[in-house]
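*Asks:* Need coordinates for the following:
(one chain, ligands or ions: 2)
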Amino acid sequence: MSEWVLPDEVLANAPTCTPRPHELADLELLLTGAYEPLTGFLTAADVASVVARGELADGRPWPVPITLDVPAELAARLDPRAPRDRVLVLTDPEGAPVAAVEVLEITPAGPGSARLAGPVRRIAEPAHGPFRKMRTAPAVVRASLPDGRVLGVIAERPLHRPQLAQIAHTARALNAHVLLLLPIASAGPGGLPAEALVRAVLAARDRLPRCTVVAVPLAPRGDEIRDGLLRAKIAAAYGVTHLLSLGGTVSSAGVRVIVPRELGYDIRDGQWRPLDDVPPRFRRGQKTPAEIADLLDRGSGLPDWHTPPAVAAELSRSRPPRRERGLVVFFTGFSGSGKSTIARGLYDALAETGERTVSLLDGDVVRRLLSAGLTFSREDRDLNIRRIGYVAAEIARHHGIAICCPIAPYAATRAEARAAAEEAGGGFVLIHVATPLEVCERRDRKGLYAKARAGIIGSFTGISDPYETPTDADLSVDTSEIGVDEAVKQVLDHLRDEGWLDRRGW
Ligand SMILES: Nc1ncnc2c1ncn2[C@@H]1O[C@H](COP(=O)(O)OS(=O)(=O)O)[C@@H](OP(=O)(O)O)[C@H]1O
Ligand SMILES: Nc1ncnc2c1ncn2[C@@H]1O[C@H](COP(=O)(O)OP(=O)(O)O)[C@@H](O)[C@H]1O
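*Replies:* Numbers count the residues shown, from 1 in each chain. Ligands and ions are numbered 1, 2, ... in the order given. This next block holds a predicted model:
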């Protein structure tokens, strides 16, 4: 790492900041040497050069900008020209100091934000984070590897039988030691939490050749090619000579990339072998991630021929069947469209079966208690929906069903409610009660449309205030030509079809 030495009083008086999760992950990779040759966050010249040419300003190849953005008012307290006033202490989310950055450059980075560049130095070993003992530094890993070839495998998804066969075959063919790299910085594809991914991969360990396992705080940045190059660079830092590509793009950056042949399951003898070697009528293919997710959601279990039972058990523990998971049923639509009426019908049906605990976050009750005092301005409507979304997500976290029926006119806030439920491990079913405005206005149960037309009440949804029609509704119900029972039935059928409820009738 860097050579500079800081007096304690400089550190003690330095401002502090908790970087965002992906910046903390980058920080750890900088500190452990996994980002060799980088020693700190990149300067603007380096960033421009990396973006334009995939190399640092001095010409050394580097695929991805590694940057640190902080609030502008914090940056204003730093002076890159004054050695005693240019140190920023970086803390973990609990506020414990982890590292110091010697800020040599400050550039604007969008409204209210500044980008800092400069070398980093470790202050204390990080104390928290799952699988900490597996986060061995690259130099330590390299020293522990046997001589000869090292086959790197970046396990971004759980390892099923075909991948296990590919790893075993390639390791044998190359006569290589296997180094399994487990990305742990963010949830994996399909929302599988990083800890669950690690458990699922480790559940297959007895089916792997002898191997070294390392957890790496590596998160994708969304650019497949550059992400692939970064993965290869990091793998090389850990001592990998050959990298097995298991689906994600892996580009060569000093290591040989092996793209294995696709395998098929041969039902004649229960072996996985190259697809072309198995006649189609005896062949079963690998399941796609979407098919695997669907089997788990329905609670059907993953078949033994495809997935070792220990891996399947770990996966169904982290992604239980939908009928056991929490759920938010979120109705949206104009006033008078039928949201509350259908929601109450759904509530009664679920209460009758006793299958799940159900909470109805009734619009009137919400506005009287949870959101008392809020108006119908955009800000207050958004806050109202955020509060509903928060409570509903907590209900889902504890495996209950929450039924919500606000107008929720803005797509972005509905998306926030969906994200909150999913983050809590629950499902989110958005039901657009798509009854046309004219029908709602004709019903005018509370006389509010008449008042809105007369201008007695302002900002009325559909009349003098916007309603963003959902483009992401899971179900749409128009109540203008069906009765209440039929509307409730459509919702129940959908929830049953999608596996959220038992098929048992009532
Ligand atoms: N300006 C204005 N715009 C829309 N609605 C109004 C307004 N003023 C009062 N009401 C009554 O409040 C109910 C909507 O409240 P919500 O909490 O569902 O609205 S929002 O989701 O926060 O937009 C809604 O009740 P429902 O008919 O049950 O939807 C209206 O009766
Ligand atoms: N199929 C249907 N589903 C729901 N409500 C219906 C249906 N057909 C007619 N209605 C009537 O429409 C009105 C809907 O009002 P409400 O449920 O309070 O709407 P919202 O909660 O969307 O404001 C009620 O008077 C209800 O009886």
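*Asks:* Leaving out the residues flanking it, which one is nearest to the residue in the stretch 51-200 of the chain that ligand 2 sits nearest to?
*Replies:* Ranked by CB to the nearest ligand atom, the top residue of the stretch 51-200 of the chain for proximity to ligand 2 is Gly191, at 31.1 Å. No exception for glycine: its C-beta is placed from N, CA and C like everyone else's. In this structure, Gly191 finds its nearest non-sequential neighbour in Glu422, 6.7 Å apart by CB to CB, 6 or more residues apart in numbering.
*Asks:* confidence score at the one you found?
*Replies:* The model reports Glu422 with a pLDDT of 91.
*Asks:* isn't it right next to Val429, touching?
*Replies:* No. Using CB atoms under 8 Å, Glu422 makes no contact with Val429, being 11.4 Å away.
*Asks:* who has more neighbours, the two?
*Replies:* Per other CB atoms under 10 Å, whichever of Glu422 and Val429 has more neighbours is Val429, with 21 against 15.
*Asks:* For my notes, confirm that one occurs in a strand.
*Replies:* Yes. Counting by DSSP: H, G, I helix; E, B strand; the rest coil, Val429 is found in a strand.
*Asks:* and it, what does it touch?
*Replies:* Going by CB atoms under 8 Å, 6 or more residues apart in numbering, Val429 touches 327-330, 474-475, 494-495, 498, 500.
*Asks:* From ligand 2, how far off is it?
*Replies:* For Val429, the distance to ligand 2 (CB to the nearest ligand atom, to the nearest Å) stands at 17 Å.
*Asks:* Can you tell me the closest non-neighbouring residue to Pro193?
*Replies:* Per CB to CB, 6+ apart, closest to Pro193 is Ala187, 5.4 Å.
*Asks:* State the pLDDT value of whichever residue of the stretch 301-450 of the chain sits closest to ligand 2.
*Replies:* Closest contact between the stretch 301-450 of the chain and ligand 2, by CB to the nearest ligand atom, is at Gly338 (2.8 Å). In this model, Gly338 is scored at 97, pLDDT.
*Asks:* now swap in the one 3 residues further on and tell me
*Replies:* As summarised for this prediction, Thr341 has a pLDDT of 97.
*Asks:* what residues are up against the closest residue to Phe131 other than its chain neighbours?
*Replies:* Nearest non-adjacent residue to Phe131, counting by CB to CB, 6+ apart: Ala215, 4.6 Å away. When contacts are counted by CB under 8 Å, 6+ apart, Ala215 touches 131, 134-135, 182, 184, 198.
*Asks:* Show me where the stretch 301-450 of the chain has its helices.
*Replies:* For the stretch 301-450 of the chain, the helices defined by DSSP state H, counting those that start in this stretch cover 309-318, 339-353, 363-368, 378-397, 411-423, 437-443, 448-453.
*Asks:* With the stretch 1-150 of the chain instead?
*Replies:* Secondary structure of the stretch 1-150 of the chain (DSSP H, counting those that start in this stretch): helices located at 8-13, 21-32, 44-53, 72-75, 138-144.
*Asks:* Just send those helices back as TSV, with mean pLDDT too.
*Replies:* Shown next, in TSV, are those (pLDDT from 0 to 100):
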stretch	mean pLDDT
helix 8-13	80
helix 21-32	93
helix 44-53	96
helix 72-75	97
helix 138-144	97
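*Asks:* Of all these, which one comes closest to Phe460?
*Replies:* Go through those one by one with CB to CB and the one that ends up closest to Phe460 is helix 72-75, at 39.9 Å.
*Asks:* Please tell me how far the closest one is from the chain's geometric centre.
*Replies:* 29 Å (CA atoms, centre = their mean, to the nearest Å).
*Asks:* Report the closest residue of the stretch 51-200 of the chain relative to ligand 1.
*Replies:* Closest point on the stretch 51-200 of the chain to ligand 1, by CB to the nearest ligand atom, is Gly191, at 26.9 Å.
*Asks:* That residue reaches Ala421, doesn't it?
*Replies:* No. Using CB under 8 Å, Gly191 is not in contact with Ala421; the gap is 11.8 Å.
*Asks:* Of these two, give the one with the bigger neighbour count.
*Replies:* Between Gly191 and Ala421, counted using other CB under 10 Å, Ala421 has the larger neighbour count: 28 against 13.
*Asks:* Show me which residues of the stretch 251-400 of the chain are close to ligand 2?
*Replies:* Contacts of the stretch 251-400 of the chain with ligand 2, taken as CB under 6 Å from any ligand atom, map to 333, 335-342.
*Asks:* tell me which residues in the longest strand along the chain are buried?
*Replies:* Counting by DSSP state E, the longest strand found in the chain is strand 113-122. For strand 113-122, burial by neighbour count (16 or more other CB atoms under 10 Å) applies to 114-122.
*Asks:* And for stretch 277-289?
*Replies:* Applying 16+ other CB under 10 Å to stretch 277-289 flags 278, 283, 286-287 as buried.
*Asks:* same deal with stretch 122-132?
*Replies:* By neighbour count with 16+ other CB under 10 Å, stretch 122-132 contains the buried residues 122-123, 126, 129, 131.
*Asks:* roughly how far is whatever helix or strand Val257 lives in from the heart of the chain?
*Replies:* Counting by DSSP states H and E, the element that carries Val257 is strand 256-258. Relative to the centre of its chain, strand 256-258 is centred 28 Å away, using CA atoms, centre = their mean.
*Asks:* That strand pairs with which strands, and in what direction?
*Replies:* Strand 256-258 has these partner strands in its sheet, going by DSSP bridges: strand 242-244 (parallel).
*Asks:* outside of the partner strand, which residues touch it?
*Replies:* In contact with strand 242-244 (CB under 8 Å, 6+ apart) are residues 149-154, 166-167, 170, 174, 176, 231-232, 235, 250, 255-258, 260.
*Asks:* mind redoing it with 10 Å?
*Replies:* Here strand 242-244 makes contact (CB atoms under 10 Å, 6 or more residues apart in numbering) with 149-155, 163, 166-167, 169-171, 174, 176, 178-179, 181, 228, 231-232, 235-236, 250-260.
*Asks:* and what of stretch 264-281?
*Replies:* Under CB under 10 Å, 6+ apart, the answer for stretch 264-281 is 160-166, 168-169, 260-263, 282-286, 303-306.
*Asks:* send the alpha carbons of that stretch over as PDB?
*Replies:* The C-alpha coordinates for stretch 264-281 follow below in PDB (Å, rounded to 0.1, in the frame of the first residue of the first chain):
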ATOM      1  CA  GLY A 264     -26.600 -32.500 -21.100                       C
ATOM      2  CA  TYR A 265     -28.000 -35.200 -18.700                       C
ATOM      3  CA  ASP A 266     -28.000 -38.600 -20.300                       C
ATOM      4  CA  ILE A 267     -31.000 -40.500 -18.900                       C
ATOM      5  CA  ARG A 268     -29.600 -43.800 -20.100                       C
ATOM      6  CA  ASP A 269     -26.900 -43.900 -17.500                       C
ATOM      7  CA  GLY A 270     -27.400 -40.800 -15.400                       C
ATOM      8  CA  GLN A 271     -24.200 -39.100 -16.600                       C
ATOM      9  CA  TRP A 272     -23.700 -35.400 -17.600                       C
ATOM     10  CA  ARG A 273     -21.700 -35.300 -20.900                       C
ATOM     11  CA  PRO A 274     -21.200 -32.900 -23.800                       C
ATOM     12  CA  LEU A 275     -24.600 -32.000 -25.200                       C
ATOM     13  CA  ASP A 276     -23.800 -33.300 -28.700                       C
ATOM     14  CA  ASP A 277     -22.800 -36.700 -27.300                       C
ATOM     15  CA  VAL A 278     -26.400 -37.300 -26.000                       C
ATOM     16  CA  PRO A 279     -29.100 -38.100 -28.500                       C
ATOM     17  CA  PRO A 280     -32.000 -35.600 -28.000                       C
ATOM     18  CA  ARG A 281     -34.500 -38.200 -27.000                       C
END
